[in-house]
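K.L.:
mind looking at a prediction? Sequence and model below.
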There are 2 protein chains.
Amino acid sequence: MAASIEDVARLAGVSIATVSRSLRGLPDVATATRDKVLAAAQQLDYVASPFAARLASGRSSTFGVVVPFVHRWFFAEVLGAVEGVLRGAGYDLLLHNLGDSEGRERFFSVLPVRKRVDAVIVVSLALTADEVEALTSLELPVGVVGARFPGLSSVRIDDVAAARQAVDHLLSLGHRRIALIGGDTDDPMRFTPPHHRLIGYREALNAIEVPYDPALERLGYFTVGGGEAAMRELLELAERPTAVFAESDEMAYGAMRAIRRAGLRVGHDIAVIGFDDHSNADLMDLSTVRQPVAEQGALLTHAMLAALADDTEPTDTVLPTELVVRGSTVLERSVYKN
Amino acid sequence: MAASIEDVARLAGVSIATVSRSLRGLPDVATATRDKVLAAAQQLDYVASPFAARLASGRSSTFGVVVPFVHRWFFAEVLGAVEGVLRGAGYDLLLHNLGDSEGRERFFSVLPVRKRVDAVIVVSLALTADEVEALTSLELPVGVVGARFPGLSSVRIDDVAAARQAVDHLLSLGHRRIALIGGDTDDPMRFTPPHHRLIGYREALNAIEVPYDPALERLGYFTVGGGEAAMRELLELAERPTAVFAESDEMAYGAMRAIRRAGLRVGHDIAVIGFDDHSNADLMDLSTVRQPVAEQGALLTHAMLAALADDTEPTDTVLPTELVVRGSTVLERSVYKN
């Protein structure tokens, strides 16, 4: 038997109104409370049920999900979470992977979701005004994971603040020559994190008046190989950095490899911090800023299902990130004996 | 302008007939030749074009893709490759993630792809006879990545032979007490590799009459944490193994962590070999058996598009695997100075 909103409220130990507010991503719900509600909803496989409304309206029972890349860790995690909530609610998932700028152009001009889906979820794309307008023209609920746009629902983190958490950690350890390995802010695929994480990096250094050195900002293209190549360049600088902030854990893995291959010790000669808390970050003993990835996807999907059921206004939810300190910045924290 | 089959033949330096045979996955094409053709087809974004046929037949221009899990590395890689070929051919992708045994039961009883797709691709599921019959009842081309079933097209590796490659490598280094960390062959999600890799492990030991010891076979459930827990148990044996074969790289990562946390050295005190050549295996300095993952997805999708265009018979293609020796089994191969 399907769980009811009452069951979720009982398990989470909160009121029905709080469950409803939490699952729609409305503000004025404490983070701890929302987490409790989300956990209870997941445990009970509860989803707001738009079945009755759908039967009357002839809806398609399908969500369109738009991602820039399907096989990168972050996107696969979000996709898995979105799919899990949709499956629980009896919805199908039409997957649109943009892949490249041509695929992106085609998607937003053809809009192949038209008349095939009840709602659209977009993952981590820096949408242009034209793209937002195209999505709005569908006259369907549209939600975004990892970014915010006017008129669209969103669940995201604060990338600027999270990047500052990472760089502030390095500053607190006494580092002043701190490099950045980041994404290409001119990338035609324009996904949002590179812009905001670069701002956070610069803000953190600026706040304590560390002089700006463009030679320390390198592109790693969000791949392991890109991170490794960027680190090799940094190691060749006359005055090399003592610490590195990589905008993703995968770029940090590559940086760690470059450091080791140069005969240097990570966390001893050069500190490295990443971003994500990727599934292998603990194994790699990598300090990082953890973002709740699956939770962003699940929470937005719950909000979209609620919007379908009740025709609610778009909401914006910002989830907290957390500094995770491991051996790559503080060697004493290392879990490895060799 | 879209590439033609002639363009692919020219770039690959083979005949048009060979391109056609290669992309349909027909036998009697040398592996090197097929790889060349596949590379040329990908470079040119060439796909067998069933557009004309579709216009006349009222097809949906959509493939259904069925996966047991969406956020595990292998499945995300295959999905990315399948999606790339479909996008190039102008097809949409309806994603069905089974998730659990209940989701699986629902999928095969409801068959939500009926009348919504032109073809179905199933990834790495050990289908029951009833499930094969259900898929066959759709009267659509159905293909499987990673397994073979009567009447369905397939692209796969030989998991038995590949597991033997891994264990033979450990035997050749002189190891005789070799543990297995594997998947659950009773798992209701029944995906195929655990059965075959267990057989390969036992065959390799049997072939040189290493006595069978059930205490050395442990379940790691294809997760990092599962691999770590299994390795901890193995380290507590009165006579502990000198080498471990993990049926996936992710389980091997967990085993390596357990070994290090016990104050032992990977590759020195205990050798570890994985399976996959996962994207982080090189970073982790893990010996493994490489399987072509994206290639399996791409090749099957090309074969299915060709089947849609020409109504060809189901084909079965077995791609080769490759032993990759790194520091986790042969310490001298380690790329790391520390």
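P.N.:
Nice, I can see it. Residues are numbered from 1 along each chain as shown, chains lettered A, B, ... in the order given.

K.L.:
residue boundaries of the helices in the stretch 1-150 of chain A?
P.N.:
With DSSP state H, counting those that start in this stretch as the criterion, the stretch 1-150 of chain A has helices at A:5-12, A:16-23, A:31-43, A:51-57, A:73-88, A:101-110, A:129-136.

K.L.:
nearest to A:Arg190, out of those?
P.N.:
Ranking the helices of the stretch 1-150 of chain A by proximity to A:Arg190 (CB to CB) places helix A:101-110 first, at 8.6 Å. C-beta coordinates here come from the backbone N, C-alpha and C atoms, glycine included.

K.L.:
what helices and strands are in contact with that closest one?
P.N.:
Packed against helix A:101-110, as judged by 3 or more CB pairs under 8 Å, 6 or more residues apart in numbering or on different chains; DSSP states H and E, are the following elements: helix A:129-136.

K.L.:
got the angle for the helix it packs on vs helix A:101-110?
P.N.:
50 degrees (axes from the mean of the first three to the mean of the last three CA atoms, to 10 degrees).

K.L.:
what about helix A:129-136, distance to the chain center?
P.N.:
21 Å (CA atoms, centre = their mean, to the nearest Å).

K.L.:
average model confidence for it?
P.N.:
Across helix A:129-136, pLDDT averages out at 93.

K.L.:
longest helix of chain A?
P.N.:
helix A:293-310 (DSSP state H).

K.L.:
send the alpha carbons of it over as CSV?
P.N.:
Output of helix A:293-310 as CSV, limited to C-alpha atoms (Å, rounded to 0.1, in the frame of the first residue of the first chain):
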residue,chain,number,x,y,z
VAL,A,293,24.1,15.6,-5.2
ALA,A,294,21.4,13.0,-5.2
GLU,A,295,19.4,15.1,-2.7
GLN,A,296,19.3,18.1,-5.1
GLY,A,297,17.8,15.8,-7.8
ALA,A,298,15.4,14.1,-5.4
LEU,A,299,14.2,17.3,-3.8
LEU,A,300,13.6,19.1,-7.1
THR,A,301,11.7,16.1,-8.5
HIS,A,302,9.5,16.1,-5.4
ALA,A,303,8.9,19.8,-5.9
MET,A,304,7.9,19.3,-9.5
LEU,A,305,5.5,16.5,-8.7
ALA,A,306,3.9,18.7,-6.1
ALA,A,307,3.7,21.5,-8.6
LEU,A,308,2.0,19.2,-11.1
ALA,A,309,-0.5,18.2,-8.4
ASP,A,310,-1.3,21.6,-7.0
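
K.L.:
list the buried ones in that helix?
P.N.:
Going by neighbour count (16 or more other CB atoms under 10 Å in any protein chain shown), the buried part of helix A:293-310 is A:293-309.

K.L.:
the helix or strand just after that helix: partners in the sheet, and parallel or antiparallel?
P.N.:
Per DSSP states H and E, the first helix or strand lying C-terminal to helix A:293-310 is strand A:316-319. Its sheet considered, strand A:316-319 pairs with strand A:153-157 (parallel) by DSSP bridges.

K.L.:
next, the angle from the strand it pairs with to helix A:73-88.
P.N.:
140 degrees.

K.L.:
and the stretch 1-150 of chain A, which residues reach chain B?
P.N.:
A:62, A:65, A:69-71, A:73, A:76-77, A:79-81, A:83-84, A:87, A:92-97, A:99, A:103, A:112 (CB under 8 Å from any CB of the partner chain).

K.L.:
return the residues in contact with A:Gln296.
P.N.:
A:Gln296 is in contact with A:Val78, A:Ala81, A:Val145, A:Gly146, A:Val155, A:Arg156, A:Ile157, A:Leu319, counting by CB atoms under 8 Å, 6 or more residues apart in numbering or on different chains.

K.L.:
same check on A:Pro141?
P.N.:
A:Asp118, A:Ala119, A:Val120, A:Ser153, A:Met304, A:Ala307, A:Leu308, A:Pro314.

K.L.:
over to A:Gln43?
P.N.:
Contacts of A:Gln43 (CB under 8 Å, 6+ apart): A:Leu11.

K.L.:
from A:Tyr91, how far out is it?
P.N.:
20 Å (CB to CB, to the nearest Å).
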